[in-house]
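Asker: with the input below, show me the fold.
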Amino acid sequence: QVRLVESGGGLAQAGASLTISCAASGRPFDTYALGWFRQAPGKEREFVAAINWSGASTRYADFVKGRFTISRDNAKSTGYLQMNVLAPDDTAVYYCAATGLALITVKDFEYDYWGQGTQVTVSS
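Answerer: Residues are numbered from 1 along each chain as shown. Below is the predicted model:
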């Protein structure tokens, strides 16, 4: 079992930066890959970024490339999503998820554990 708790969301102005965190407990942190997804009001949940167990491999959705950076600190059992140059379209609930797959996946149904989400609101 893995328990994930997101934090760090809030209100930001367009162009600003924000870093959200995902604290994990339960199964050893370095045994699973992490993903970040988001869901805006009235829209389906979408993939944002993922990182493998060691942090050596990452993948991003096209709409965040160059703006967002995913990372993890296995010693702290915490994952991060640094978001730069935020835009109103980035407004959503951001979810952290964990998968036991060896390879990074962008498919939400391949993630076994989910956090409760953290709200990010970007004003124009």
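Asker: what separates residue 72 from residue 11, distance-wise?
Answerer: Distance, residue 72 to residue 11, using Cβ to Cβ, to the nearest Å: 26 Å. All C-beta spots, glycine's among them, are computed from the backbone N, C-alpha and C.
Asker: which of the two has more neighbours?
Answerer: Each of residue 72 and residue 11 has its neighbours counted (other Cβ atoms under 10 Å); residue 72 has more, 22 against 12.
Asker: so which strand or helix has that one?
Answerer: In this structure, residue 72 sits in strand 68-73 according to DSSP states H and E.
Asker: after that strand, next one along is what?
Answerer: strand 78-83.
Asker: quickly list what the residue nearest the centre of the chain is bridged to.
Answerer: Note on the chain: the residue nearest the mean C-alpha position is residue 36, at 2.5 Å, using Cα atoms, centre = their mean. In this entry, residue 36 is beta-bridged to residue 49, residue 96, by DSSP bridges.
Asker: next one, pLDDT for it please.
Answerer: Reported pLDDT at residue 36 in the predicted model: 98.
Asker: so it sits against residue 95, correct?
Answerer: Yes - look at residue 36 against residue 95 with Cβ atoms under 8 Å: they come within range, at 7.0 Å.
Asker: just the strands from this structure, written as ranges.
Answerer: Using DSSP state E, the strands of the chain run over 2-7, 10-13, 18-26, 33-39, 46-51, 58-60, 68-73, 78-83, 92-99, 113-114, 118-123.
Asker: list the contacts of the strand holding residue 72.
Answerer: With Cβ atoms under 8 Å, 6 or more residues apart in numbering as the contact definition, strand 68-73 has outside contacts at 29, 34, 36, 48-51, 55, 58, 60, 78-84.
Asker: stretch 18-28 now?
Answerer: Taking Cβ under 8 Å, 6+ apart as the rule, stretch 18-28 contacts 1-10, 12, 34, 36, 77-83, 86, 94, 96, 98, 115, 118, 120.
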